Structures are given as structure tokens and as C-alpha cells.
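1. kindly return the folded structure for what I paste below:
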Amino acid sequence: MSELQSVVVGAGQAGLSASFHLRRRRVRHVVLDANGAPGGAWQHRWDSLTMDDVHGVAALPDSDPPARGDERANRAVAAYFADYEQEHALPVVRPVRVTSVTDEDGLLVVHSDADSWRAPTLVNATGTWERPFVPHYPGADDFGGEQLHSSRYPGADHFAGRRVLVVGGGASAVQLLGELAPVADTVWVTRKPPVWRTDDFDPDAGRAAVALVEERVRRGLPPASVVSVTGLALRPQEQAAAALGAYERRPMFARLERDGARWDDGSFEPVDVVVWATGFRPDVAHLGPLGLRSRHGGIQLDGTTAVADPRVQLVGYGPSASTIGANRAGRTATLGVIRELERVTSAAS
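-> Numbers count the residues shown, from 1 in each chain. Sure thing, here's the model as predicted:
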């Protein structure tokens, strides 16, 4: 069991940013990554998602990001992360799947399927990819067609000639409909009417959106996605789908049946596939033994510091669940780690 000053869990954008700043401040740490290769969640995204589709990726500290273009995002970003780890000699250990974090005699003990690590501080950067959310609807078990979450999207060719029901009101649903509508018959359903953004999304609008999400986690509420407060916009590559009527949204159905979906008014849509583009939940179950959740169901943060336990920093959570937010959070988390290490040193003297 190794003793360190900090343990970072997760080697995505937020985890690598935190590790860069920790290393620069000479904090002895390790980065534990559940994946077998660099790239974080990006390496698992669908093959048709290009760097143009994601409008680029924010640069990690002291580096240049991958260029926009038609290169697959799951390759370009994975290669960028791999080069970054090597260039800055970041102490990443993989594959290591963290199972729990406990408190033993005032130290945090990180348990995994490989080993255990002890440290007075922790930076949690596990993101959301491992927690795809699929809501339960009556009849889901009786549906005779295919069901899959958007995180397992295999590409538009898989759905060619089929009737596809896309569920969800976020950016991923809009992107998938853009690909599917030209090759398949689509039906789009959302719980609430989508809010379309008609103005330019400038830096001021971005900061305002992030501030709304920050306010939620500051109060201990479950984090909302940034897109839920920024609104949706169609990109040029989605105009063909719009012309086909792909974005004519229907309200949520009441139940699924063997051959399709039925609404409260009795109307029925036959479908072959249901794609749940219903987002993700924070991957924080391993932190359960520390009792960080507030009575509101979320983890209350002051910046990136867990209010219930200042030894723990959360990055890639709530407002820092974007590439830009993750970079800033990595630096903020490092300052939080240093404050806690100074407190421990002062208490021991």
C-alpha cells in the first residue's frame, strides 16, 4: 500500500489538468485510470464524431489542442492525451478501477481491483461516462426491438432503413438525429420542449451558463448539464435532417409496447429501435463511504472542495464537466490540495 500526498482518480481532461498542476507544485501523487489506454471517455465516443462536430477541445495546460477537422474525435483526443501524459511525465497507472474510498485513521484509502493507496487528499475526476442514465418507462421490458443508450451508438449505418425513436433533449440527441434522419425514419421525443438558441454563444453567455450550474452544486443540488441552460443550436451538417422534419419534437410517450410507443392520447408510433440520448449521472459511487452527499442529493462544493470533507476535491463534476471547465478546475483543485496539506502539516507541528 503506497503512501502519497494525493491520489487523482480519473485520467480524462480534468484528471490530467489536475495532475499537471500537482506535479508543477511538487505534490507527490498518482493518477489512477480505469481505461486500458489514454483518452478518457473520448476514446469511447462514436466513430462518426469528428473534431469539427465537437467544435474542438480546450487545450490542456501548457499545450496546443488537436486541430479542428474531419479526423475522428476518439482518435485525435486519445492521441493528444497520450502525448500529453508522456511529455509531462504524469504518473498515470492503468488499468485501475477504483472500487471505494474510505477513511482510516484520518487518511483516505483508495481501494481498487489492483492495489490500495493512502493519502491525505483526493482529487476525484471520474466524470460521468461510466454512468449512462436510462429512465424507466412502462413497457420497456416488453419492447421487442432494439434499445441502446447513446454512449453505445454504433454509427448511422446500423440503423439504415429502420424506424428509430430518439429520446432526449440534449446536444447528443440533436447530433444523432442529424446523422440518422438521412438514412432512417426518425421520431424525436423529449420530456420538455427544446429551447433553441438563436444568438451567438459568446464567452459571456458561456460564463453565465456555468455560473448557473455552479450555483446548484454550491447548494448541494445534483448538478445539471451546462447545455440545459445554454440551449440547443443546429450546425450546418444538421440542416439536411431539419429539412426532413427530424427536429419536429413530440412529447414523451406514456409507455412502450412490443412494436412501438403509445402516448396518453392513444396515438401510437411503430418503431424498430429506441435510442436513449438521456445523458449521464456523476460517477461517484466509490465515494459513498465518505458520506459527501447533502440532503438535497448532490455533493455540495465550495469551488472544487467537498464541503462535507475538505480533503476531497471534485473536478469534472457539475460546472467543470466541460473541457474548458475541467482545465480551470484542475488548477483550483490543486490549490485545495495544497491548503489541506498545509493544514495537516500545521496540525502535526
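2. flag the shaky bits of the stretch 51-200 of the chain, pLDDT-wise.
-> Applying pLDDT under 70 to the stretch 51-200 of the chain flags the ranges 55-56, 198-200.
3. for it, what spans make up the helices?
-> With DSSP state H, counting those that start in this stretch as the criterion, the stretch 51-200 of the chain has helices at 73-87, 171-180.
4. could I get these as JSON lines with mean neighbour count and distance to Trp46?
-> Every C-beta, even on glycine, is put in place using the N, C-alpha and C of the backbone. Below are these laid out as JSON lines (neighbours: other CB atoms under 10 Å; distance: least, CB to CB, whole Å):
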{"stretch": "helix 73-87", "mean neighbour count": "19", "distance to Trp46": "8"}
{"stretch": "helix 171-180", "mean neighbour count": "24", "distance to Trp46": "9"}
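5. you'd agree Phe143 is up against Arg258?
-> Yes. Using CB atoms under 8 Å, Phe143 is in contact with Arg258, at 6.5 Å.
6. the two - which one has more neighbours?
-> Comparing Phe143 with Arg258 by neighbour count (other CB atoms under 10 Å), the higher total belongs to Phe143, at 20 against 9.
7. so what's that one closest to, chain neighbours aside?
-> Leaving aside its chain neighbours, Phe143 sits nearest to Leu256 (4.4 Å; criterion: CB to CB, 6 or more residues apart in numbering).
8. partners of the helix or strand containing that neighbour in the sheet?
-> Using DSSP states H and E, Leu256 sits in strand 255-257. Taking DSSP bridges as the criterion, strand 255-257 forms sheet pairs with strand 260-262 (antiparallel).
9. name the residues that touch the partner strand?
-> For strand 260-262, contacts defined as CB atoms under 8 Å, 6 or more residues apart in numbering pick out Leu165, Val187, Val189, Phe253, Ala254, Arg255, Leu256, Phe268, Glu269, Pro270, Val271, Val274.
10. need those residues in JSON lines (columns: distance to Pro282).
-> Listed next are the contacts of strand 260-262 as JSON lines, based on distance: CB to CB, whole Å:
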{"residue": "Leu165", "distance to Pro282": "27"}
{"residue": "Val187", "distance to Pro282": "30"}
{"residue": "Val189", "distance to Pro282": "25"}
{"residue": "Phe253", "distance to Pro282": "27"}
{"residue": "Ala254", "distance to Pro282": "29"}
{"residue": "Arg255", "distance to Pro282": "29"}
{"residue": "Leu256", "distance to Pro282": "27"}
{"residue": "Phe268", "distance to Pro282": "36"}
{"residue": "Glu269", "distance to Pro282": "33"}
{"residue": "Pro270", "distance to Pro282": "36"}
{"residue": "Val271", "distance to Pro282": "30"}
{"residue": "Val274", "distance to Pro282": "24"}
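11. of those residues, just say which sits nearest to Arg131.
-> The closest of these to Arg131 turns out to be Val274 (CB to CB; 19.3 Å).
12. how about the most centrally placed residue in the chain, phi and psi?
-> Nearest to the geometric centre of the chain sits Thr128, at 3.9 Å (CA atoms, centre = their mean). Backbone torsions for Thr128, taken as degrees, to the nearest 10, come to phi -130, psi -10.
13. how about the contacts made by it?
-> Contact partners of Thr128, counting by CB under 8 Å, 6+ apart, are Ala41, Gly279, Phe280, Arg281, Pro282, Asp283, Gly316, Ala321.
14. low-confidence ranges, the stretch 201-349 of the chain, go.
-> Looking at the stretch 201-349 of the chain by pLDDT under 70, you get 201-230, 319-325.
15. quick check: phi and psi on His29?
-> For His29, the backbone dihedrals are phi -150, psi 170 (criterion: degrees, to the nearest 10).
16. now do the contacts for the spatially closest residue to it that is not a sequence neighbour.
-> In space, and not counting its chain neighbours, His29 is closest to Ser6: 4.1 Å by CB to CB, 6+ apart. Applying CB under 8 Å, 6+ apart, we find Ser6 in contact with Leu22, Val27, Arg28, His29, Ala119, Pro120, Thr121, Leu122, Val123, Val337, Leu341.
17. same thing with Val337?
-> Under the criterion of CB under 8 Å, 6+ apart, the neighbours of Val337 are Gln5, Ser6, Leu22, Val27, Thr121, Val123, Gln313.
18. excluding chain neighbours, what is closest to the first one?
-> In this structure, Gln5 finds its nearest non-sequential neighbour in Arg28, 4.5 Å apart by CB to CB, 6+ apart.
19. pLDDT at that neighbour, what is it?
-> As predicted, Arg28 sits at a pLDDT of 97.
20. that one contacts Leu4, correct?
-> Yes. At 5.0 Å, Arg28 and Leu4 qualify as touching, with contact defined as CB under 8 Å.
21. those two: which is more packed in?
-> The neighbour count for Arg28 versus Leu4, taken as other CB under 10 Å, is higher for Leu4 (17 against 14).
22. give me the nearest residue to the more buried one, chain neighbours excluded.
-> Nearest to Leu4 is Ala119, by CB to CB, 6+ apart, at 4.5 Å.
23. follow-up on the earlier one: taking the contacts of Val337 one by one, which sit in helices?
-> Leu22 (DSSP state H).
24. could I get the full set of strands for the stretch 101-250 of the chain?
-> Taking DSSP state E, counting those that start in this stretch as the criterion, the stretch 101-250 of the chain carries its strands at 107-112, 116-119, 122-124, 146-149, 163-167, 185-190, 250-251.
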